[in-house]
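1. turn this into a structure:
(one chain, ligands or ions: 1)
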Amino acid sequence: MSDVVSGAEIDAQPAPKTQPKPHVDADGYAQMYAASVTDPDAFWGEHGQRIDWIKPFTKVKNTSFEPGNIDIRWFEDGTLNAAANCIDRHLATRGDQTAIIWEPDDPNTTESLHITYADLHRSVSKMANVLKGLGVEKGDRVVIYLPMIPEAAYAMLACARIGAIHSIVFAGFSPDALGARINGCDAKLLITADFAPRGGRQTPLKSNADTALAACKDSVQCLVVKRTGGEVTWTDRDHDCNALMEAASDDCPAEEMNAEDPLFILYTSGSTGQPKGVVHTTGGYMVYASMTHQYTFDYHEGDVFWCTADVGWVTGHSYIVYGPLANGATTIMFEGVPTYPDAGRFWEVCAKHKVNQFYTAPTAIRALMGAGNEWVEKHDLSDLRVLGSVGEPINPEAWNWYNEVVGKGNCPIVDTFWQTETGGHMLTPLPGATDLKPGAAQQPFFGVQPVVLEPTSGEIIDGNGVEGVLCMKDSWPGQMRTVWGDHERFEKTYFSDYKGYYFSGDGCRRDEDGDYWITGRVDDVINVSGHRMGTAEVESALVAHAKVAESAVVGYPHDVKGQGIYAYVTLMNGEEPSDALRKELETWVRSEIGPIAKPDLIQWAPGLPKTRSGKIMRRILRKIAEDDFGALGDTSTLADPSVVDDLIANRMNRA
Ligand code: 6R9
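-> As a prediction, this is how the structure comes out:
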C-alpha cells in the first residue's frame, strides 16, 4: 500500500481545478471599450471576423437615430448563413464534440441526450429539407411552439439554414396569443409537439395549436413533433415531423443570406397595445450574440454552458442557441423547472454535466434560496466558474446567497442588463475585469454607449451620482432593426420620447464610480418572474370578459416573482363581486394570454381614480397596490377623490 493513495486521501485533497486566464482584465476592458466607441468601424470591422462570411463585408456601420430616418445596418454588403456559423464551420475540428446536452423534465423516466455537432448537422439538415418539402422558402415565416426539446433548436437552425424567418412562441402561451402571432407575421407553417412536459405536468400543445389555427388561414400548415406519444387529434393540415425527418435527406446546402436579412421575429410586450414583433437580422446579431457570450461569461474552449431560460424568450435565442453554438460550445437545453422533482434540480444538473457557466433569473434564485441551503450543498458544484443573472434587478440578499452558497465565493456573478430589442448584453460586469457590486449591472459592453437623461426635459445628465432614464447614444450590432410590418411603431416606441436616442424604457442610476444600476421600468411594463408584460395586455384581456366594465393593472413588490400583478376591476352594472367570479377572471386571463399573466390579486373597484379628462391615475393605483397610500401625492385633479378612500379601505395587499 506504500505508494498507493487511498480513496479517502484523494477525497481529502482535491486537486485545485485549473482556472483559465480571463479574456480581459480591467485594463484590457478599458482599452477595448475605448476603441469600440472611438472608432466603431475599425473595432467591429475586426470583431466582425469572429463569424464566417460567405462574401466578406466591406462596410461596417451605417446607422441613423435621426427622427424620421431610423435606419440601422451593420455589415450590410456581407453575406453569411447563421446555421452554418453554428454548425458547419465546427465540423472539421469538433464534429464529435457535444453541441447540445438535452436534460429532460423527469430525470427518473428519461435519459439526457448528448448531441454532437455532427448529429446536429444531420438533424438540422433533415429538418431543413422537411421545411422545404412543405413549401417553406427563403423569407417565409415559421412559427415555433415547442417544449424545450432538441427539435426546438433544430427548427430554429433549419429555418436559418434555408433563410426562413422563425418566430418562437413560448409554450406557456395560450391559443389566442399563439393565433395572434401566427397571423401577425403571416406564417406559412407552425411547428409544434403533441405535449409539453414541464414540472411533471403536461401542456396539450397540439390541442392548443388546433384552437389557435382555427383563427388562422386554412393554408397554414402544421408540423407535429412527437414528444410524449400521447394521443392527439390529427387534421388535414398536420404533418408528422418524426416520420418526415426520418425519410428526409441529410444534405441541405445553407442559403446565402445578406447580413441584413431577418433571422427571427420575437414578440414582446410594450407599454401600449398588443405585443410587437421585434425583428433581428443575421450578421450583426450573430457577431453580437457570440461576442457577448464569450466575454460576459468568460467562455473558453471546452466549457459546458448552461442558460436555464426557455427558447421562447430572447435569452434562449442568444444564450442557448446562437451565441454558444457560434462559439462551438457545449450548451445545455433543459426541459424542466428548478423545483422538479425537487428543489435540488438545478444543482444536480450542474454537477451531473460539470457545468462551468450557469445563467438564470433572480426569481429562480429567490425561490431556491427559500428552499434551503441543503439542496445546494449536497451537489458537487466545483466546476462552476461564472454565475449569471438576467431578466430583472437582483436584490442584494439573493445576490449574496447566489455568491456564497452556490458560487462558494469563487464565481463572479455577471448581472446582465439587456432586452429582447438589444439582441445581447448591454450592461454587465465582465469576470476578471470588474469589481462586483451586488445588484448593479455596472458597465457597458463593447460598443454600447449608455446615457442618463432627465426624464422630462430629455437633457443628458453628465457626471456621476445621477439618476434618470436609460438611453443609448448610438447603435450596436445586435440592435433590433424594426417592428415586423410597422417601422413607424419602431420609431414611435424607441426613438420619439427622446429624439436622437434609443430609449430602453428603464430608469437607472449612475453611481459615484460610474457604475450603472437599473431601477426598473419607467413605463407601463411590469416584470413578473423575469417575464415582461404590458399592463395594457392584461387589462384588455380582463375587459374582454362579459362581466367586466373596466380594469386597471399595476405591479406590486412580490417576494419571489419580483413583481406581482394587481388588477383593479370594475364590474358591469348589476354584476355582484364574489370569490367564484374572482376565480373565473383568473382562469379567463390564463386562457386569453397564458398562466404567467394570471393576476395575483384582484380588487373590486366600484370606481377608478380618474382625472377630469378621464385618464386613469396609475400612480395612485400603484401606491395603493404597494400598500404605501400615505404617499399618494396630489389627488386634487381627480374627478371624484372619494373613490380613492374606497380603494384604500378595500385594498388586497395589506402589509
Ligand atoms: C433579456 C430580457 C427586458 C427588461 C428590461 C429590464 C429588465 C433585464 C435586467 C433587467 C435589471 C437586469 N431587465 N435584465 N433589469 N437588471 N440584469 O430580460 O429581455 O424579456 O425583453 O426584458 O427586463 O426592465 O427592460 P426582455
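2. next, the distance between the ends of stretch 555-564.
-> Its start and end residues considered, stretch 555-564 measures 6 Å (Cα to Cα, to the nearest Å).
3. next one: stretch 226-239
-> 11 Å.
4. next: stretch 444-461.
-> Note: stretch 444-461 ends 17 Å apart using Cα to Cα.
5. equivalent analysis for stretch 346-366, please.
-> 13 Å.
6. which one of the residues in the stretch 1-150 of the chain is closest to the ligand?
-> Closest approach between the stretch 1-150 of the chain and the ligand, counting by Cβ to the nearest ligand atom: Met148, at 16.9 Å. (Glycine included, C-beta is placed from N, CA and C.)
7. show me what contacts the closest residue to Asp486 other than its chain neighbours?
-> Once flanking residues are discounted, Asp486 sits nearest to Lys276: 7.1 Å by Cβ to Cβ, 6 or more residues apart in numbering. Lys276 makes contact with 267-268, 270, 483-484, 486, 489, 493, according to Cβ atoms under 8 Å, 6 or more residues apart in numbering.
8. before we move on, which element is Glu491 in?
-> According to DSSP states H and E, Glu491 maps onto helix 487-495.
9. do a quick rundown of the helices in the stretch 1-150 of the chain.
-> 7-12, 26-38, 40-47, 82-86, 91-94, 117-133, 150-162 (DSSP state H, counting those that start in this stretch).
10. buried stuff in the fifth one?
-> It refers to helix 91-94. In terms of neighbour count (16 or more other Cβ atoms under 10 Å), helix 91-94 has its buried residues at Arg94.
11. now swap in stretch 292-303 and tell me
-> 292-300, 303.
12. how about it, does it reach the ligand?
-> No - Stretch 292-303 lies out of reach of the ligand by Cβ under 6 Å from any ligand atom, never closer than 11.2 Å.
13. what pairs with the residue of the stretch 451-600 of the chain found nearest the ligand across the strands?
-> The stretch 451-600 of the chain approaches the ligand most closely through Ile518 (3.6 Å), counting by Cβ to the nearest ligand atom. Beta-bridge partners recorded for Ile518 (DSSP bridges): Cys508.
14. in terms of contact, does Tyr117 touch Ile100 like I think?
-> No - at 9.2 Å, Tyr117 does not count as touching Ile100 under the criterion of Cβ atoms under 8 Å.
15. so what's the residue of the stretch 1-150 of the chain closest to the ligand closest to, chain neighbours aside?
-> Going by Cβ to Cβ, 6+ apart, Met148 has Glu335 as its nearest residue, at 4.3 Å.
16. could you do Arg385 as well?
-> Asn356 (5.0 Å).
17. then Gly328?
-> Closest to Gly328 by Cβ to Cβ, 6+ apart is His90, at 4.7 Å.
18. quick one: contacts for the one you found?
-> 97, 99, 117, 328.
19. I'd like to know which of those residues are part of strands.
-> Judged by DSSP state E, the subset of those located in strands is Ala99.
20. and the ligand, which of the contacts of His90 reach it?
-> Okay, of the contacts of His90, nothing touches the ligand (Cβ under 6 Å from any ligand atom).
21. export the contacts of His90 as a markdown table, with columns for pLDDT, distance to Gln419 and neighbour count.
-> Shown next, in a markdown table, are these (pLDDT from 0 to 100; distance: Cβ to Cβ, whole Å; neighbours: other Cβ atoms under 10 Å):
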| residue | pLDDT | distance to Gln419 | neighbour count |
| --- | --- | --- | --- |
| Gln97 | 98 | 32 | 16 |
| Ala99 | 98 | 27 | 25 |
| Tyr117 | 98 | 30 | 25 |
| Gly328 | 98 | 27 | 19 |
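22. now, which of the contacts of His90 sits nearest Lys206?
-> Ala99 (27.7 Å; Cβ to Cβ).
23. I'd say the closest one and Thr331 touch.
-> Yes - between Ala99 and Thr331 there is a contact at 7.0 Å, judged by Cβ under 8 Å.
24. can you list residues touching both of these two?
-> Common neighbours of Ala99 and Thr331, counting by Cβ under 8 Å, 6+ apart, are Leu325.
25. where in the chain is pLDDT low?
-> 1-16 (pLDDT under 70).
26. who are the contact partners of the closest residue to Lys61 other than its chain neighbours?
-> Excluding the flanking residues, the one nearest Lys61 by Cβ to Cβ, 6+ apart is Pro40, at 5.1 Å. By Cβ under 8 Å, 6+ apart, the residues touching Pro40 are 60-61, 447, 474.
27. just Ala649 next, same as before
-> Residues near Ala649 by Cβ under 8 Å, 6+ apart: none.
28. same question, Arg651
-> Counting by Cβ under 8 Å, 6+ apart, Arg651 touches 603, 624-625, 627, 629.
29. nearest to Ala30 among these?
-> Ala625 (43.1 Å).
30. so how far is Gly28 from that closest one?
-> Using Cβ to Cβ, to the nearest Å, we find Ala625 at a distance of 46 Å from Gly28.
31. what's in contact with stretch 426-433?
-> Under Cβ under 8 Å, 6+ apart, the answer for stretch 426-433 is 21-26, 28-29, 292, 295-298, 385-386, 412-419, 436, 440-445, 448, 450, 472, 476, 504, 516, 518.
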